[in-house]
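Novice: build the 3D model from these lines:
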Amino acid sequence: IKSIFILLLLSWTTSHLNAEIFTYPIEEVEVLEIVGGIELYLLCGTDASLRVTAHAEDNFTFSQIDKTLKIASRQEGFWGLFSSGLETISVEMNAIRPPETITVSAGSEIGVSNCYSEDEANLDLVVKAGSLFTIEGNAGSIDQLDINLSSGSQIEIADTFHINHLNLEASSGADLEASKSVLINTAYVSISSGASAELCGALAISGKASSGGEVDVSETTKLTDIRTNSGGSIEPNC
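Specialist: Residues are numbered from 1 along each chain as shown. Sure thing, here's the model as predicted:
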């Protein structure tokens, strides 16, 4: 997990030779939507701004209506992550407080560091269509984390982190990896269609797994109301 996060950070901080940097002020963001092969690194601090690295300002769009911020690539064929002919657009986003809802799609990548530090923080997270979302915890904390993960996408939660309650729905080959130092008080999972989740730090878990879906927990995890069928499994394999 750590090595992948470092590679993402290097990608976000290294621009192409002829790229330009465009800077914009932003207001408070409660809803963040990223689409089209965008690579975004989210930092939390005392100011709010976007720093976009791209060859031209016409290659991307961003808009903020009320507290919803959308950033997208304008390039033809947004599956540009798999085509060397298309440009990677990198964004560094600074926020005073983290968004409460984040949607990542179409091969985009988001990394978040040091943003979730209060027990009352909540996050509704949708990651789909071959995208990647990484949380670097550093003793962070989320009260309620709702995740919808699909279509070969991946979520990684690294370092020390505390989640009071996790509600996870994963399908279509998607994968969630939480390091052993990620403490989860309670988790409800719905895993299907070859999706997988590694929740070694979960204290208690309930839910269902079907159609080849797999959930790995520790031997000390309390299993309650577990339902499996069609090759699904929720087992102590950590």
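
Novice: give the bridge partners for residue 167, please.
Specialist: For residue 167, the beta-bridge partners under DSSP bridges are residue 146, residue 188.

Novice: quick check, it in contact with residue 148.
Specialist: No - Residue 167 sits out of contact with residue 148 when judged by CB atoms under 8 Å, with a separation of 9.3 Å. Every residue, glycine included, has its C-beta placed from N, CA and C.

Novice: list the helices and strands the helix or strand encompassing residue 228 packs on?
Specialist: Assessed by DSSP states H and E, residue 228 sits inside strand 222-229. The contact analysis (3 or more CB pairs under 8 Å, 6 or more residues apart in numbering; DSSP states H and E) places strand 222-229 against strand 204-210, strand 233-236.

Novice: just name the most buried of those.
Specialist: Most buried of the helices and strands packed on strand 222-229 by mean neighbour count (mean count of other CB atoms under 10 Å) is strand 204-210; its value is a mean of 19.

Novice: quick one: name whatever helix or strand follows it.
Specialist: With DSSP H and E, the next secondary element past strand 204-210 is strand 214-217.

Novice: and that next one, how far out from the chain middle?
Specialist: A distance of 19 Å separates the C-alpha centroid of strand 214-217 from that of its chain, computed with CA atoms, centre = their mean, to the nearest Å.

Novice: for stretch 198-211, same thing?
Specialist: Computed by CA atoms, centre = their mean, the separation of stretch 198-211 from the middle of its chain amounts to 19 Å.

Novice: quote the end-to-end distance of that stretch.
Specialist: The straight-line separation of the ends of stretch 198-211 (CA to CA, to the nearest Å) is 17 Å.

Novice: with stretch 203-221 instead?
Specialist: Terminal residues of stretch 203-221 lie 5 Å apart, using CA to CA.

Novice: likewise for stretch 177-194?
Specialist: End-to-end span of stretch 177-194 (CA to CA): 15 Å.

Novice: and for stretch 121-141?
Specialist: When the termini of stretch 121-141 are compared using CA to CA, they are 7 Å apart.

Novice: what pLDDT, on average, does it get?
Specialist: Stretch 121-141 shows a mean pLDDT of 89 in the predicted model.
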